[in-house]
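[1] Task: produce atomic coordinates for the following.
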Amino acid sequence: MAKVAREMVEKSGVSVEELLDLLVSNAAAELTTYYYYTILRTNLVGLQGEPIKEIAETARIEDRNHFEALVPRILELGGKLPENMVDFHNQSACPPASLPKDPSDTMAMLRVLVEAERCAVRGYTYICNLTAGKDHRTYDLALAILNEEVEHESWFSEFLGEGPSGHFLRRGETSPFVSKFLR
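    Below you'll find the model as predicted:
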């Protein structure tokens, strides 16, 4: 644990325990989303599903990267992950991105994907608001993840016909904002 890091966060007025709860529940959301997106992606087939598969795969890999980037910060602040995977899953900040009843319904699949991203955007926006000007490291990490989650949401919302977003799929690069935390 980085004792001075925790001390500085405490001195800034941020409740470290509240922050750790948020970081762990968002880490759970990232890892469970990675798992559920694996199932969703494998069911994106046919003429309607195939164009979405690459975007779902990018979001899936980036969610795994988000989990990997969150864990060191959790440990730095003296936190830990639950020892039981079921407990970890159930602590997720977002509901499971479960396969719709009809896995061939691409629009239902897109609604699951976009709602998962919207939940993540809300969660990281909250963490950014909580840590802005107080806990620079956590803020920087949450902002990096937030930038990627906003792009994920925009990709899926365009397929739902909600309008243009101005965001384009990344080619050959994943986690451009979060990659500095993975080194």
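
[2] Three-state assignment for Asp102, please.
    Using DSSP: H, G, I helix; E, B strand; the rest coil, the three-state assignment for Asp102 comes out as coil.

[3] contacting residues around the residue nearest to it when sequence neighbours are not counted?
    Distances taken as Cβ to Cβ, 6 or more residues apart in numbering put Ala108 closest to Asp102, at 6.4 Å, once the chain neighbours are dropped. Where C-beta positions appear, they are placed from N, C-alpha and C, glycine not excepted. Residues near Ala108 by Cβ atoms under 8 Å, 6 or more residues apart in numbering: Pro100, Lys101, Asp102.

[4] same check, this time on Ser157
    Contacts here follow Cβ under 8 Å, 6+ apart; on that basis Ser157 touches Val114, Gly163, Ser165.

[5] Now the buried members of these.
    Val114 (16 or more other Cβ atoms under 10 Å).

[6] still on that earlier bit, what helix or strand is the residue nearest to Asp102 located in?
    According to DSSP states H and E, Ala108 maps onto helix 106-131.

[7] Likewise for Glu173?
    Using DSSP H and E, Glu173 falls within no helix or strand.

[8] Need phi/psi at it.
    Here is the backbone geometry of Glu173 (degrees, to the nearest 10): phi -130, psi 130.

[9] same check, this time on Ser15
    Main-chain dihedrals, Ser15, degrees, to the nearest 10: phi -70, psi 110.

[10] Please give the number of neighbouring residues around it.
    If you count neighbours by other Cβ atoms under 10 Å, Ser15 ends up with 12.

[11] Same question for Ser104.
    13.

[12] so it touches Leu47, yeah?
    No: in this structure Ser104 lies outside contact range of Leu47 using Cβ atoms under 8 Å: 11.3 Å.

[13] Quick one, which of the contacts of Ser157 has the minimum pLDDT?
    Within the contacts of Ser157, Ser165 has the lowest pLDDT, namely 83.

[14] ok, for it, nearest residue in space, not its chain neighbours?
    Of all residues not flanking Ser165 in the chain, Ser154 sits nearest, at 3.4 Å (Cβ to Cβ, 6+ apart).
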